[in-house]
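Colleague: when you get a sec, could you give me coordinates for this:
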Amino acid sequence: PLDTGPAPARRARSDGQARTRPAHPLRRPRDGGRPDRARAGRRLAGAGSVELWGDGSPSREFLYVDDAARAILLAAERYDDGDPVNVGAGFEITIRELAEKIAELTGFDGELTWDVSKPGGQPRRALNTDRAREGFGFEAAVGFDDGLARTLEWFRANPEWSEADAARRTATEQRVSRRS
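Modeller: Numbers count the residues shown, from 1 in each chain. All right, here's what the predicted structure looks like:
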């Protein structure tokens, strides 16, 4: 069984089947798991400033979806151990560095402001991927900068997806505000 979750106790479901769950954000063009992170680049376009929560010091590890898919295939073919395995990129970046990099790559010349009254999140999310490397030969092939550039390029090439996502987000926000 392959488990990318942080706690071995959470790796098996009641039916005994293994569950694969990323412990960190995947970078992929549509960023289906966490579209709020992918939206950061889109929000920068045309904005005078962008407010971000916390102080930007927490770090995260991002794995490009092609690497995640390859890891799952390798594990299915080569890994027969019952211990959980972390699959990651082996590179972490602070949220502040990430925001600055996205701003640079998107041509955003506005101001990034940090609201330290809001939570910044867990201080660090990085994985020890030794077992994946040793157990089935996985190492991420797509570097962070390349994966981020591919993701941003996809958004530029597919503006209709961004527009549809914005419409869904607006509709959701309206439903939530009516409930309050």
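
Colleague: for burial, what's the neighbour tally of A89?
Modeller: For A89, the count of nearby residues is 25 (other C-beta atoms under 10 Å). Yep, even glycine has a C-beta here, placed from its N, CA and C like the rest.

Colleague: for it, give me its contacts.
Modeller: By C-beta atoms under 8 Å, 6 or more residues apart in numbering, A89 lies in contact with 61-64, 67, 140, 144.

Colleague: which of the residues you listed has the most neighbours?
Modeller: Neighbour max across the contacts of A89 (other C-beta under 10 Å) = L63, 27 neighbours.

Colleague: quick check: that one vs E51, distance?
Modeller: Distance from L63 to E51, counting by C-beta to C-beta, to the nearest Å: 27 Å.

Colleague: can you tell me the SS state at L52?
Modeller: Here L52 is recorded as strand under DSSP: H, G, I helix; E, B strand; the rest coil.

Colleague: give the contact list for it.
Modeller: 95, 99, 112-115 are the contacts of L52 under C-beta under 8 Å, 6+ apart.

Colleague: inside strands: which ones of those?
Modeller: For the contacts of L52, membership in strands holds for 112-115, with DSSP state E as the criterion.

Colleague: which two in the residues you listed are spaced the farthest apart?
Modeller: Based on C-beta to C-beta, the longest span within the ones in strands among the contacts of L52 runs between L112 and D115 and measures 11.0 Å.

Colleague: name the residue in these two with the higher neighbour count.
Modeller: A direct count of neighbours by other C-beta under 10 Å for L112 and D115 places L112 higher, at 16 against 12.

Colleague: the more buried one touches D55, doesn't it?
Modeller: No. Using C-beta atoms under 8 Å, L112 is not in contact with D55; the gap is 11.6 Å.

Colleague: what helix or strand does E163 sit in?
Modeller: helix 159-179 (DSSP states H and E).

Colleague: now that helix, how far from the chain's geometric center?
Modeller: 21 Å (C-alpha atoms, centre = their mean, to the nearest Å).

Colleague: what does stretch 59-69 give?
Modeller: Counting by C-alpha atoms, centre = their mean, stretch 59-69 comes out at 7 Å from the chain centroid.

Colleague: next, the distance between the ends of it.
Modeller: Distance across stretch 59-69, first residue to last, is 23 Å (C-alpha to C-alpha, to the nearest Å).

Colleague: alpha carbons of the helix holding E163, as CSV, please.
Modeller: In CSV, the C-alpha atoms belonging to helix 159-179 read as follows (Å, rounded to 0.1, in the frame of the first residue of the first chain):
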residue,chain,number,x,y,z
PRO,A,159,-8.5,31.4,-19.4
GLU,A,160,-12.0,29.9,-19.8
TRP,A,161,-11.2,27.5,-16.9
SER,A,162,-10.2,30.4,-14.7
GLU,A,163,-13.3,32.3,-15.6
ALA,A,164,-15.5,29.3,-14.9
ASP,A,165,-13.7,28.7,-11.6
ALA,A,166,-14.2,32.4,-10.6
ALA,A,167,-18.0,32.1,-11.4
ARG,A,168,-18.2,28.9,-9.2
ARG,A,169,-16.4,30.6,-6.4
THR,A,170,-18.7,33.7,-6.5
ALA,A,171,-21.8,31.5,-6.5
THR,A,172,-20.4,29.6,-3.5
GLU,A,173,-19.6,32.8,-1.6
GLN,A,174,-23.1,34.1,-2.2
ARG,A,175,-24.6,30.8,-0.9
VAL,A,176,-22.4,31.0,2.2
SER,A,177,-23.3,34.7,2.9
ARG,A,178,-27.1,33.9,2.6
ARG,A,179,-26.7,31.3,5.3
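
Colleague: if anything else comes up later, I'll come back, but that's it for now.
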